[in-house]
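Visitor: give the three-dimensional model of this entry:
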Amino acid sequence: MRLLTKVSLIAAAMISLSACQKEAAAPAAPVLDTDAAKQSYAMGVSVGKYLNSAVEEHKKLGLPLASDTMVRGVQDALAGKAALTDEEVQKVMTALDEQFRAKQAEVAKAKAAETIAKGEAFLAENAKKEGVKVTESGLQYEVITAADGPKPKAEEKVRVKYKGTFIDGTEFDSTDKSNGGEPVEFQLNQVIPGWTEGVQLMGVGSKFKFTIPSALGYGDRDVGPIPANSVLQFEVELLGIVAEEAAPAGEAAKK
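Guide: Coordinates of the predicted model:
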């Protein structure tokens, strides 16, 4: 973020200069006939894309930057006659950085409140559906396919197939999607609490649908494609409990 605020003026100036030249004759194509020329141009393109993105981020948060003033600032700096001292520039940029962070926090707080409200409303309605049961922790589940196989303990490893969706039905992960349709194995007490609790309710061979409150999922963290405070739904098929293989006698002795 500090790099962002230090260079965002240059980025906006570059964009502004480009816009001002739209009506002018198109500039000649860059001559990229040496490694140095290509390296210089590639670095410029890379930095330009990053800076353009940074300027857009400011705009989205209601922190627009005056292009004409930025252009003048760049020109004055290059000419060695900046109207602000280095100390004044640092002070202004620090304030901009603080504004940016405050706006980010404000947007995140509003988004979290909206996600939580939608999740709570969904949980309340889902709990009323026929066949849905709610545990003391708030985990909701329904039996899709019942089976009388053994039920795993938290410290055991299980083999499952699953599909995970958001409350709007959008799939974010599944064994079909991320594991080529093959089952996955994991220690039951090393996953999110909703899984640890829910899968222990299942007999091998059964298939359940879990609706997991965010407190039993990933909480207030963004994890991959999963936004913070998300209520998640999983269809889980328990294929087996994986027995830990005993180490050979020689290996056990070494340990």
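Visitor: look up how far Leu63 lies from Glu56.
Guide: 11 Å (C-beta to C-beta, to the nearest Å). From N, CA and C alone the C-beta is placed, and that goes for glycine too.
Visitor: please disregard the earlier target; I meant Ala146.
Guide: Distance, Ala146 to Leu63, using C-beta to C-beta: 56 Å.
Visitor: who has more neighbours out of these two?
Guide: Ranked by neighbour count (other C-beta atoms under 10 Å), Ala146 and Leu63 place Leu63 first, with 14 against 11.
Visitor: Thr115: how many residues sit nearby?
Guide: By the criterion of other C-beta under 10 Å, Thr115 has 18 neighbours.
Visitor: in space, what's closest to it - neighbours in sequence excluded?
Guide: Asn229 (4.4 Å; C-beta to C-beta, 6 or more residues apart in numbering).
Visitor: do Val184 as well
Guide: Nearest to Val184 is Thr175, by C-beta to C-beta, 6+ apart, at 5.8 Å.
Visitor: pLDDT weak spots in the stretch 101-250 of the chain?
Guide: Scanning the stretch 101-250 of the chain with the threshold set as pLDDT under 70 gives 244-250.
Visitor: let's see that with 50 instead.
Guide: The stretch 101-250 of the chain contains residues with pLDDT under 50 at 246-250.
Visitor: helices of that one, start to end?
Guide: 175-178, 193-199, 249-254 (DSSP state H, counting those that start in this stretch).
Visitor: which residues does stretch 148-164 contact?
Guide: 171-176, 183-189, 196, 199-206, 232-242, 244 (C-beta atoms under 8 Å, 6 or more residues apart in numbering).
Visitor: so what's the residue count around Trp195?
Guide: With other C-beta under 10 Å as criterion, Trp195 counts 24.
Visitor: right, I mislabeled it, should have said Val160
Guide: Using other C-beta under 10 Å, Val160 has 21 neighbouring residues.
Visitor: cheers, nothing more for now.
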